[in-house]
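Trainee: predicted model and sequence below, questions to follow.
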Amino acid sequence: MNDKILFSEQQKFRHPAIWVMMTALLSVPGIFIWASIQQIGKGQPWGTNPLSDTGLIITTSFVTAIIIVTIILFWVARLETSVTTNEIRVRFFPFTRSFEHYKWEDISNVSIQKIKYFKHGGWGYRSKTGLGLRIGFDGIKLTNYFSKNIIYSVSGKYALQLELKNGKKVMIGTEREKEIETVVAKIERKNKEY
């Protein structure tokens, strides 16, 4: 059987709540820039135990660079999903550089699930080891959940849940749940015929 792409979706972090948090992050370097102007430009030490001017410049530069890189990462980040006749492929670029491949013969069950953000921890990526990055209702966090489940979620209210024969579960967020459900149902019917 040829490996033909039957469904393809690319999602990006464009939810307004995420960008409200990202905009709020910009206030952090703003505070350091303001402090640098006060201390270096106006000669008024910032705080009760101020950094040296050099230390303040280095700290301001470092904090500003980290925040800008974080915002750029989330702007370019994308979840790419493909359903083919042989497998489901998923990649969370730039956090995962290559596609994960889930062969149909390794999947015991597929279903569409409504994502419960409080239960699943918000948007982001959580790997096989539990390490990952997520944006939740409590901010941006590196995760360290020791779990055999993998979650890819960028936007949308639904996910394609794969239950693998090895006991692992994979949730892949989607904004086109009806379309992916139709494609998966066709593939399952065809696989039962073989």
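Mentor: Arrived safely.
Trainee: so residue 98, which of the three states?
Mentor: Following DSSP: H, G, I helix; E, B strand; the rest coil, residue 98 is assigned to coil.
Trainee: next SSE after the one helix or strand in the chain whose mean pLDDT sits lowest?
Mentor: Ranked by mean pLDDT, DSSP states H and E, the helix or strand of the chain with the weakest confidence is strand 139-144, at a mean of 41. Counting by DSSP states H and E, the next helix or strand C-terminal to strand 139-144 is strand 150-153.
Trainee: pLDDT score assigned to the residue of the chain positioned farthest from its centre?
Mentor: The outermost residue of the chain relative to its centre, with distances by C-alpha atoms, centre = their mean, is residue 43 at 43.0 Å. Per-residue pLDDT puts residue 43 at 91.
Trainee: now do the contacts for it.
Mentor: For residue 43, the contact set (C-beta atoms under 8 Å, 6 or more residues apart in numbering) is empty. Placement of C-beta: from N, CA and C, glycine included.
Trainee: how would you label it: helix, strand or coil?
Mentor: Assigned state for residue 43: coil (three-state reduction, three-state DSSP).
Trainee: is residue 81 in a helix, a strand, or coil?
Mentor: Going by three-state DSSP: residue 81 is strand.
Trainee: with residue 46 instead?
Mentor: Under three-state DSSP, residue 46 falls in the coil class.
Trainee: which parts of this structure are strands?
Mentor: With DSSP state E as the definition, the chain shows strands at residue ranges 5-12, 78-84, 87-93, 100-103, 107-114, 123-126, 131-136, 139-144, 150-153, 158-164, 169-174.
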